[in-house]
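Trainee: Structure of the sequence below:
(chains A and B)
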Number of protein chains: 2
Amino acid sequence: IAENKNTALLNLLEDLHYADVAEIIEELDTKEAIYLIKLLDSDVTSEVIAELDEDDREKILKRLSSKEIAEEIEELDTDDATDIIAELSEEQKKEVISHIEDEEHAKDIIELLRYDEDTAGGLMAKELVKVNENWNVLTCVKEMRKQAEEVTRVHSIYVVDDNDILKGRLSLKDLLTTSTKTAIKDVLIKKVDAVNVNDKAEDVARIMQKYDLEAIPVVDELGRLVGRITIDDIVDVIKEEAEKDYQLAAGITQDVEADDSIWKLTKARLPWLLIGMFGGLGAASIINGFQGAFLKFPVLLIFIPLIQATAGNVGVQSSAIVVQALANNTMKGEMANRIFKEFLLGLINGLVIASVVILISHFAFHTSFLISITVCVALITVIIMAALIGTFIPVFLEKQGIDPAVATGPFITTSNDVFGILIYFMIAKMILGF
Amino acid sequence: IAENKNTALLNLLEDLHYADVAEIIEELDTKEAIYLIKLLDSDVTSEVIAELDEDDREKILKRLSSKEIAEEIEELDTDDATDIIAELSEEQKKEVISHIEDEEHAKDIIELLRYDEDTAGGLMAKELVKVNENWNVLTCVKEMRKQAEEVTRVHSIYVVDDNDILKGRLSLKDLLTTSTKTAIKDVLIKKVDAVNVNDKAEDVARIMQKYDLEAIPVVDELGRLVGRITIDDIVDVIKEEAEKDYQLAAGITQDVEADDSIWKLTKARLPWLLIGMFGGLGAASIINGFQGAFLKFPVLLIFIPLIQATAGNVGVQSSAIVVQALANNTMKGEMANRIFKEFLLGLINGLVIASVVILISHFAFHTSFLISITVCVALITVIIMAALIGTFIPVFLEKQGIDPAVATGPFITTSNDVFGILIYFMIAKMILGF
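Mentor: Numbering: from 1, shown residues only, chains lettered A, B, ... in the order given. Presented below is the predicted three-dimensional model:
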C-alpha cells in the first residue's frame, strides 16, 4: 500500500478512528509504519501511538527523534503522555521533556512520572475543570469555558478552596439554572468521592465500579485536588487484572500474547513447567520409596493417574473460588465455617466419585475387595485434603501480602499431586499392610 | 441494630451511598432487610435493590407485594428495571408491570424484556436525550431540558430524522456557541458509532473499549435509535466475562461464589471432577493394558506422575494463550505459523526439562541408559503433543461456535493426561521392545 500515493492514502485514513489506524500500523513493518506516521498530522498520530501495543510503540519511537516524540507528546493528555515517556530510557526522558514547548504540560508530566503506575497517581491525568468556592456562577462559567478547551471530555466540575483543597463538585444542571450572582459555595454538592494519590489502582477500580462513577478526583495527603481518573482507564485496569489472574492460573508468569517471540514465551512458561517437573520427580521418589508395595500389589499403580488428576482438579477449583472471593472482597464469615464447608463439599464429591470408581474398576479391572476399599478411602481423603489445601493456601498468601492468584494453576496442582500420591500409598500401607 | 430506633437508623443511613446500604442489607437476615427497606424512601431502596446480589434480591422480592415491587421499579432506569423484572416468574412479571403507573416506563420495560440479556438490546436503557435534525438550536435546547429531567446522566445528545433514524450527535460545546436559529442539521456531527440491538454484549464491550466511548447509541435493523448503553454496564460485562472464563479454566461450570450453598457448589464442581475421573480410569486401563511392560520394567511406572503433570501443565498454558487471543481478537497470522511456533516452543521446553530429568533420575533412581532415553523422548514428544492439542482445540471450538474457554482447565488436562500416558508407553514399547 505505502508506495507513494500520499494523497490517496491520506484520504483513506482521514475518516478512520485513531484506534483503527493503530490496528493498521500494527500490521505494517516498522519502515512502513514510520512512513505513515510522518505522513499524518500529529494530533492524529499522537493518539495512534498511545493506542499501540507496547512492543510496536517501542520500535516506532526508536526511529523518531526526541523532538518528534515531544511533538506527539504535546498533543496527548497528561496521563497518556506520561505512560509513553515512562517507557523511554532515563536519558531520552530528559531530552523529550526538554523539547516540550508548553511548560505547564511538561511540569504536569514530570509530576506524574513520580507516581508508581499501579497507584491512583499513576492512572490520573491533570486535565480537569476546577473552580474556586469563593467565585460566583458567572466567573465560574467564564473560567470553565477557558479550562474546557484543554480538556477533551468534561466529566465533573470540581470545587476547591483557596488552598486547592477539594470541597465538592458542581452539577451542570444547577449551574445553568441558578442566577449568575450566586456564590459557588451555595450550590456545590459536598458529597464527592475521592481517592488518594497513593491508593492502589485495584482499589480505585473497585470504588469506581461500586459507585458507578465515570470519573473520580484524586487528592494528595493534604486533601488538595491533584488530578482525576476516568472510567476508560479503569476499564483497562480491570481487563489487565483479569488477564493477569487468568494467566497465573494457567501457569504463565509474564504478560504474554500469542504473537510474542518464542524466547519471551519460553521465559513466561518454562519456570512453571519446572515447578511441575520437580513435583513429578518428587512423586517419582515417593513411588520409588514404596517399591515393596507395588511389587506386591501392582494393581495399585494403575490408579495413580486417577488419584493425581482428582487431587489437582479439586485443588484448582477450591483455590479459584477463594482467589475470586478475595479479589472481589466478598470473603465473609469465619474461616472455621469455610473450612467445614469445604470439608463437607469434599466428602460429598469424594463419596460420589469413589462409588463410581469402585463399580467401574470392579468390572473393568477385577480389583479385589481390599484394593477397592483402599482406592475408595484414598480418593475421599485426597479430595478432602486437596479442597482444604486449595482453600487455605490463597488465604495464607493474601495474609502474607502475596498475590493469592499465584496459588492457582500449576502451583496448587503440583503440590496436590505430590500430597495425593503420598496419601494414597500411606492409606494403602495401612489397609493392605505391606 | 434494627430494634425500633427508626429515626436514629434513618439518620445513619441517609448519608450513605446506595451501594453501601446494599452491602449492609446483604449482611442482615431477610426479616431485618425487609424492615430496613420499608423504612427507607423508594428512590433510595430502588437503587439498593438493583445493587443487591441476585440471591439476596430474590429473597427480598419474595416478601414484597407486586405493588411494592412496582413502586421500586418506577424509580429505576429502564435497564435496571428490566433486569429485576426479568428475574420474576411469568405471572409476577405481568402483575408488577400492571402496577407501574407511568405507562411510558411500562411500555419501555416490556420492549426491553424482549431482548436476550447477552445482546446490546439486553444491556441498553431507553433513557436518552434525542433531538430532531429539522429543529433549530433553540427548540432543541428547550426539548433537551425537558428530556434531561428523566435522564440521570447526559452522555450524548443524539440527532434523529422524522423516522427516528439516527443521523448523528451533537456536542454540548457547539450547541452553546452557535446562534439559536441555526438548524441542527448544520451543526450535527455525522460520525457516530452505533451498535445494533442484536449485537452480542461482548462485541459491544470490545467496541466501546477500543474507541474509549462512555456511551453508545443502539439502533434497530432499520437504523432507528432505540436506546443507549453506558460504560458502567460494560464494566459489568467485562468483569462477568473474565470471571466466567476464570471459573471455566478452573473447572467450575456455573457462576458460583464462596458463600453459595453446598448443593450449588457441588453442582458446579462435580461434573468436572467426573470428567477428570473418567480420564483417570482411561489412564488406568492404558496402564493395565501394558501390564507386561511394567512387570518387566517397574521403574517406568515411577515416571507416570511426571509425564502426566507435564502434559497437563503444557496443555493449559497453550490453550490459555489461545483462548485469550481469541477473546481479545488479537489472533493474527496463519494457523500453520502458529502450529510451527508451538512446535518449536514445545521442543525447547521439552529439551530443557528432559535434560534436567535425565540428570536427576540418573543420580536419584539409578535409571539405566535405555530407561533414561525412553523417559527423555517421551517427555519431549508429550510436551510437543500437549502444546499442539492445547493450541488446536480452542481454535476448533471457536470455529464450531462453542465458547473456547471450556477447552481450558480440567478438559484439556484430562485429555492430555490420557494422551500423555499412552504416548509414554508406546514410546517405551518401541525403545525397550516388550
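
Trainee: where exactly do the strands run in the stretch 201-350 of chain A?
Mentor: Under the criterion DSSP state E, counting those that start in this stretch, the stretch 201-350 of chain A contains strands at A:215-219, A:225-230.

Trainee: contacting residues for A:Y424?
Mentor: Contacts for A:Y424 were tallied using CB atoms under 8 Å, 6 or more residues apart in numbering or on different chains; they are A:300, A:303-304, A:307, A:378, A:382. (Glycine included, C-beta is placed from N, CA and C.)

Trainee: Chain neighbours aside, what residue packs nearest to the residue nearest to the spatial centre of chain A?
Mentor: In chain A, the C-alpha nearest the mean C-alpha coordinate belongs to A:E241, at 1.3 Å (CA atoms, centre = their mean). Once flanking residues are discounted, A:E241 sits nearest to A:E202: 6.3 Å by CB to CB, 6 or more residues apart in numbering or on different chains.

Trainee: any idea how far the one you found lies from A:T119?
Mentor: Between A:E202 and A:T119 the computed distance is 10 Å (CB to CB, to the nearest Å).

Trainee: Surely A:A320 touches B:K244?
Mentor: No. The criterion here is CB atoms under 8 Å, and A:A320 misses it with B:K244 at 11.8 Å.

Trainee: Specify which residue of these two has the higher count of neighbours.
Mentor: Shown here are A:A320 and B:K244; by other CB atoms under 10 Å in any protein chain shown, A:A320 has more neighbours (28 against 16).

Trainee: which residues touch the nearest residue to the more buried one once chain neighbours are set aside?
Mentor: Leaving aside its chain neighbours, A:A320 sits nearest to B:A250 (3.3 Å; criterion: CB to CB, 6+ apart). Residues near B:A250 by CB under 8 Å, 6+ apart: A:249, A:316-317, A:319-321, A:408, B:409.

Trainee: coming back round to it: higher neighbour count, A:E202 and A:T119?
Mentor: Remark: of A:E202 and A:T119, A:T119 carries more neighbours, 20 against 15, as counted by other CB under 10 Å.

Trainee: can you pull the contacts of the nearest residue to that one once chain neighbours are set aside?
Mentor: Nearest residue to A:T119, sequence neighbours excluded (CB to CB, 6+ apart): A:N198, at 5.6 Å. Neighbouring residues of A:N198 by CB under 8 Å, 6+ apart: A:119-121, A:221.

Trainee: ok, and the most crowded of those?
Mentor: Neighbour max across those (other CB under 10 Å) = A:A120, 27 neighbours.

Trainee: how much space between it and chain B?
Mentor: Applying CB to the nearest CB, to the nearest Å, the value for A:A120 to chain B is 17 Å.

Trainee: Thought A:A201 was touching that residue, still the case?
Mentor: Yes. Proximity of A:A120 to A:A201 meets the contact threshold set by CB under 8 Å, at 6.9 Å.

Trainee: Now the two most distant members of the contacts of B:A250.
Mentor: A:I321 and B:G409 (13.3 Å; CB to CB).

Trainee: With neighbour numbers in mind, choose between those two.
Mentor: Set side by side, A:I321 and B:G409 show more neighbours around B:G409, with 31 against 26, by other CB under 10 Å.

Trainee: Identify each buried residue in stretch A:343-350, please.
Mentor: Neighbour counts over stretch A:343-350 (16 or more other CB atoms under 10 Å in any protein chain shown) mark A:345-346, A:348-350 as buried.
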